[in-house]
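In: Here is the input, now give the coordinates:
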Amino acid sequence: MEDTLYSPTPISQQHLLSDHTDDPAPIPNPKPHKKLALLPLIFLIYFEVSGGPYGEESAVGAAGPLFAILGFVIFPFIWSIPEALLTAELATTFPGNGGFVIWANEAFGPFWGSLMGFWKFFSGVINLASYPVLCIDYLKLVIPALSSGLPHYVAIFLSTSVLSFLNYSGLVIVGYTAVALGVISLFPFVLLSLFSLPKIDPSRWVSLGQEKKDWALYFNTIFWNLNFWDNASTLAGEVDQPQKTFPKALLSAGLLTCLAYIIPLLAATGAMPLDQKNWVGGYFADVAGIIAGNWLKYWMEIGAVLSIIGLYEAQLSSAAYQLLGMADLGFIPKIFGERSKWFNTPWMAILVSTVIAMGVSFLTFTEIISTVNFLYSLGMLLEFACFLRLRRKFPTLKRPFEVPLGLFGLVLMCLVPSVLLVYVMSVATKIVYVASAFLTTFGIGLYFFMNLCKSKRWIEFSKVGDKLEEEEDMI
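Out: Here you go, the predicted model:
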């Protein structure tokens, strides 16, 4: 197959006309650039979702080893697999930058496409804010001056700026950087698992831990560690042969993610006597020090920083290319779709995402996770609805990858994770409800304000958005 660049908006336009053709021809981008191959895409998806076992310790602290193990074994089947299958089908059918924004626009129209975009963007950049903070939290163990005050905030600003510049240098560079970061940050867990083998007592795996369980923390921890499978869809326009590459990448990243969680968890909980209060973020490094020595502890702490860098780069790429897709679709001003002349990256989208992430870095880590989960849950409920709607709206559309189920089976596949989403939203705190309501209202207001700016010609928008609306009216 020819190495053709897919422009998201023309493809979206063609699918609006899919009642007339089942095989829309891709429209080449006049400025070709190097595309993402399979291996870097695998590790970008891996960092979108996971980044390694760092962070799963809180599940043991909240509910004990047995429930933590069951959670990371069962949850991928009821959540990760349905979300990955949905992403594989829709990303290969609509292979353009913007991902889920395109899907919602095709399924329910521009209002819902815009709202989907704002929900996912806000959840992404708020999540992005947590990574430099976590990075400094590890570094302050070596440099105590970074613990608080002006040095702490200067360190966050500098680390955020440096990491964002790496993203500006190009998605292919970011992708291969993710491969290197993934291998280096995972290897200490391989060693931990090997050193733990002689000390494992299987009876420790069935321990229920303390009687009082923190179920809200437990579900939020597992959900946060295993979501965002669909974020890579915003990069579909940058992927080499996305119809073939995306399903393979999602499957490979899924296997890597599940193994990276469950094997170290079994090793650590089986080799260590249970002291549940110790199971908080960063405890894996302490376990490594006890089992193998300080050399592995330090390596794991370095690995944590490298993993955080990978998480940041993957999340920023997704947020930036989502804004690029929204600009191409005419939801936001055209300037957000501008690419750098040197690196062909969306420089304005990267800058805006970085500034917003810096702006919300004052939130606590728990508040960040809860707010991210709530906004993401809203977007995912809409995404499941889009998936089912598009199957009914375009039944004869050519789908390079198709979930092998009829409509009833698809409803069941989406029902279980939807119930889980509602539960995650129901255990949120008041501050999360207030923040999510404010951001949702702000997103709706932005949609109507953007339409006003477009009608008054106050700001320049991509003309594609107008063409889409005209074609929808014709259909």
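In: And the nearest residue to residue 34 once chain neighbours are set aside, how close does it get to residue 179?
Out: The shortest distance from residue 34 to any residue other than its chain neighbours is 5.1 Å, reached at residue 172 (Cβ to Cβ, 6 or more residues apart in numbering). In short, each C-beta sits where N, CA and C put it, glycine included. For residue 172, the distance to residue 179 (Cβ to Cβ, to the nearest Å) stands at 11 Å.
In: list the residues that contact both of the two?
Out: Taking Cβ atoms under 8 Å, 6 or more residues apart in numbering as the criterion, residue 172 and residue 179 both touch residue 40.
In: Buried ones in the host helix or strand of residue 323, by neighbour count?
Out: Taking DSSP states H and E as the definition, residue 323 sits inside helix 294-328. Within helix 294-328, the residues that count as buried by 16 or more other Cβ atoms under 10 Å are 296-328.
In: residues contacting the residue nearest to residue 34?
Out: Residue 172 makes contacts with 34, 35, 36, 40, as judged by Cβ under 8 Å, 6+ apart.
In: Next one: it from residue 343, what distance?
Out: As for residue 172, its distance to residue 343 is 10 Å (criterion: Cβ to Cβ).
In: How about residue 58?
Out: 37 Å.
In: neighbour-wise, which of these two wins?
Out: residue 58 (23 against 16; other Cβ atoms under 10 Å).
In: Check what pLDDT that one gets.
Out: The model reports residue 58 with a pLDDT of 88.
In: which element is it on?
Out: Using DSSP H and E, residue 58 falls within helix 57-63.
In: by contact count, what packs against that helix?
Out: Secondary-structure packing of helix 57-63 (3 or more Cβ pairs under 8 Å, 6 or more residues apart in numbering; DSSP states H and E): helix 65-75, helix 215-225.
In: Of the ones you listed, which is nearest residue 251?
Out: Between residue 251 and those, the shortest gap by Cβ to Cβ is with helix 65-75, which sits at 17.4 Å.
In: quick check: angle from the following helix or strand past the closest one to helix 65-75?
Out: For helix 65-75, the following helix or strand on the C-terminal side (DSSP H and E) is helix 81-93. Counting by axes from the mean of the first three to the mean of the last three Cα atoms, to 10 degrees, helix 81-93 lies at 30 degrees to helix 65-75.
In: And for helix 81-93, what's in contact with it?
Out: 15, 99-100, 103, 227, 229-230, 232-233, 236, 242-243, 246-247, 250-251, 254, 380, 383-384, 386-387, 390, 397-403, 413-414, 416-417.
In: Report the buried residues of stretch 208-219.
Out: Neighbour counts using 16+ other Cβ under 10 Å place 209, 216, 217, 218, 219 of stretch 208-219 among the buried residues.
In: Show the contacting residues for the second one.
Out: When you say that, I think you mean residue 216. residue 427.
In: again, only using 10 Å
Out: By Cβ atoms under 10 Å, 6 or more residues apart in numbering, the contact list for residue 216 reads 62, 366, 370, 423, 424, 426, 427, 428, 429.
In: what two of those are the furthest from one another?
Out: By the measure Cβ to Cβ, 366 and 423 form the most distant pair in the contacts of residue 216, at 17.8 Å.
In: Pass me the low-pLDDT residue ranges in the stretch 101-250 of the chain, would you?
Out: Applying pLDDT under 70 to the stretch 101-250 of the chain flags the ranges 137-138, 141-142.
In: which stretches of it form helices?
Out: Ranges of helices in the stretch 101-250 of the chain, per DSSP state H, counting those that start in this stretch, are 110-139, 149-168, 171-196, 215-225, 242-271.
In: Check these for me and report the most buried one.
Out: helix 110-139 (a mean of 24; mean count of other Cβ atoms under 10 Å).
In: Got the phi and psi for the residue nearest the centre of the chain?
Out: Centroid check for the chain by Cα atoms, centre = their mean gives residue 228 as the closest residue, at 3.3 Å. Main-chain dihedrals, residue 228, degrees, to the nearest 10: phi 70, psi 20.
In: Leaving out the residues flanking it, which one is nearest to it?
Out: Distances taken as Cβ to Cβ, 6+ apart place residue 48 nearest to residue 228, at 4.9 Å, with adjacent residues excluded.
In: try residue 231
Out: residue 318 (4.1 Å).
In: hang on, the one you found packs against residue 44?
Out: Yes - contact status for residue 318 versus residue 44: in contact at 8.4 Å, counting by Cβ atoms under 10 Å.
In: Which residues are in contact with each of these two?
Out: In contact with both residue 318 and residue 44: 231, 232, 235, using Cβ under 10 Å, 6+ apart.
In: Tell me the pLDDT of the closest residue to the last one other than its chain neighbours.
Out: What it means is residue 235. The shortest distance from residue 235 to any non-neighbouring residue, by Cβ to Cβ, 6+ apart, is to residue 321 (5.3 Å). Per-residue confidence (pLDDT) for residue 321: 92.
In: Same check on the one 3 residues further on?
Out: According to the model's per-residue confidence, residue 324 sits at a pLDDT of 91.
In: and it, how far is that from residue 318?
Out: Taking Cβ to Cβ, one finds residue 324 at 11 Å from residue 318.
In: likewise residue 144?
Out: Residue 144 sits 34 Å away from residue 318, going by Cβ to Cβ.
In: Same check on residue 47?
Out: 10 Å.
In: so what's in contact with these two at the same time?
Out: Overlap of the contact sets of residue 47 and residue 318 (by Cβ under 10 Å, 6+ apart) consists of 228, 231, 232.
In: which residues does the last one contact?
Out: When contacts are counted by Cβ under 10 Å, 6+ apart, residue 232 is found next to 36, 41-42, 44-49, 84, 87, 91, 99, 239, 246, 249-250, 253, 314, 317-318, 321.
In: burial measure for residue 442, as a count.
Out: Using other Cβ under 10 Å, residue 442 has 13 neighbouring residues.
In: Likewise for residue 44?
Out: For residue 44, using other Cβ under 10 Å, the count is 31.
In: Assign residue 403 to helix, strand or coil.
Out: When classified by DSSP: H, G, I helix; E, B strand; the rest coil, residue 403 comes out as coil.
In: Please report the distance of it from residue 371.
Out: 31 Å.
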